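Q: curious how this folds, go ahead:
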Amino acid sequence: MVEWGVVRWAVVHWGMTHWAMVERGMVRWGMVKVSEGRGGRRQFGASGGAGELEFSESSELPESPASRGGVTRAPRWPPRGPGAAPRVGSKLAGVPRYCESCPAMRLITDAEVASLITMREAIAAMTAAFEQMGNGAVALAPRVRGAAEHHGQVAAIAAMGAALPAAGVVGAKVYSTVKGQFNFVIVLFSAQTGQPLAAIEANEITRFRTAAASAVALRALAAREARTLAVFGTGVQARAHAEAFLLTRPFERVLVAGRAGAPGLADWVTASFGVPAQAVDAAIAAREADVLATCTRAVEPLFDGTIVKPGAFVAAVGSSKPQARELDDALLARADLIAVEWLPAAQAEAGEFVRAAVGVIDPARVVELGKLLVGGHPYQRRAPDVVVYKSVGIGLEDVALAKLVWDRAQ
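A: All right, here's what the predicted structure looks like:
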């Protein structure tokens, strides 16, 4: 017994929970054929302008539009339930993709990211992204956070994003925090088609982008004669900032201040860049440096802001939580300019802003980095000016660097 029906769509049940859909855009005006197979198994197939599909499964063919009085209704897609996608290699794997002309979405690992881009390229990408922002050509999604506790362990999730239509992409970064450790993933979409381009492991991207954004601020705002760099912290971001800053300016000496691992980081700097480096305490680093990069998880200020020398540039990047701060009110009050990535994010997330005493930070001295780059603010640096760059991290940086990674991966 063979049944034939002309339909605009069909849904084929595979196994117990796996479904595939044949749409008009896939099997165009196709024919669905159902027949009895060996052992009572039903056999069904579809053919049409998009190619020929054949299946042989034990399940019933779902009700067709014709059996409901000829009313054609689109089925729910994607299907519900765990494991709803067909397995790779199954007969349903031959179903044409929803968008025939779109590139396949890729998974790009941290190892690939590290092999695809360099810090110099990341700095160039950050410069272009902040210039786009300064010209009003981007939209930002602020960070949102959530956390829950179970059996004494807290698991947290956070997300933020950006739309960069001039770069052809939109995207979002989502990350978990468990036992004090972060894991990041970026999902990148085409701004032209809306199709997903890639899911990118973003621990490496986060390492690159934070330091690269600080290097953009360094290039724009630090004194040209700056020769001594101090790095506070010895972790991933401390090392990344040492690299980015040494690639940006010709420092002659590096001071490393950290509770553990400072001699090792100093040795790495000397071996990698040929610049003399030494481990020192925080007070010496703060007093002697022309440029300071604070890359710690400190919740209280690292040093007395009154000892920082006139003309210094300070990049504070260690925290994006309002209860934590690396810089004290004394330094913030001395700052002739405080540059931030995005003012709403700094006001909501930077402990330096949230915990500052009333009147310490003059709003007139706070400027977004992008506006400084494109001449949207009239600030002109004077030799004795103390300049602070406070970073909390924004989606612009992640999406811009994800686009660079995507381009390199093609």
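Q: which regions of the stretch 101-250 of the chain lie under the pLDDT threshold?
A: 101-103 (pLDDT under 70).
Q: which residues of it fall in helices?
A: 110-116, 119-134, 203-221, 236-248 (DSSP state H, counting those that start in this stretch).
Q: these: which one's closest to Arg382?
A: With distances scored as Cβ to Cβ, the stretch of those nearest to Arg382 is helix 203-221 (12.0 Å). Bear in mind the C-beta positions are built from the backbone N, C-alpha and C, glycine included.
Q: the inter-axis angle of that closest one versus helix 236-248?
A: Here the directions of helix 203-221 and helix 236-248 differ by 40 degrees (axes from the mean of the first three to the mean of the last three Cα atoms, to 10 degrees).
Q: check the offset of helix 203-221 from the chain's centre.
A: The chain centroid and the centroid of helix 203-221 are separated by 13 Å, computed with Cα atoms, centre = their mean, to the nearest Å.
Q: show me what counts as buried in that helix.
A: Burial within helix 203-221, assessed by neighbour count using 16 or more other Cβ atoms under 10 Å, is assigned to 203-218, 220-221.
Q: likewise for stretch 329-343?
A: Applying a neighbour-count criterion of 16+ other Cβ under 10 Å, the buried positions in stretch 329-343 are 329, 331-335, 337-342.
Q: can you tell me the average pLDDT over it?
A: Looking at stretch 329-343 alone, the average pLDDT works out to 98.
Q: what's that stretch in contact with?
A: The set of residues external to stretch 329-343 that reach it, using Cβ atoms under 8 Å, 6 or more residues apart in numbering, is 130, 133, 140, 213, 217, 221, 301, 304-306, 308, 314, 346, 350, 352, 356-357, 360-361, 365-369, 372, 379, 381-382, 385-394, 396-397.
Q: recalculate using a threshold of 7 Å.
A: If you take Cβ atoms under 7 Å, 6 or more residues apart in numbering as the criterion, stretch 329-343 is touched by 140, 213, 217, 221, 304-306, 308, 314, 346, 352, 356-357, 360-361, 365-369, 372, 379, 385-392, 394.
Q: those residues in helices, which ones?
A: Judged by DSSP state H, the contacts of stretch 329-343 include 213, 217, 221, 346, 352, 369, 372 as members of helices.
Q: list the contacts of the fourth one.
A: Remark: with contacts taken as Cβ under 7 Å, 6+ apart, Ala346 is in contact with 340, 353, 390, 392.
Q: if anything else comes up later, I'll come back, but that's it for now.
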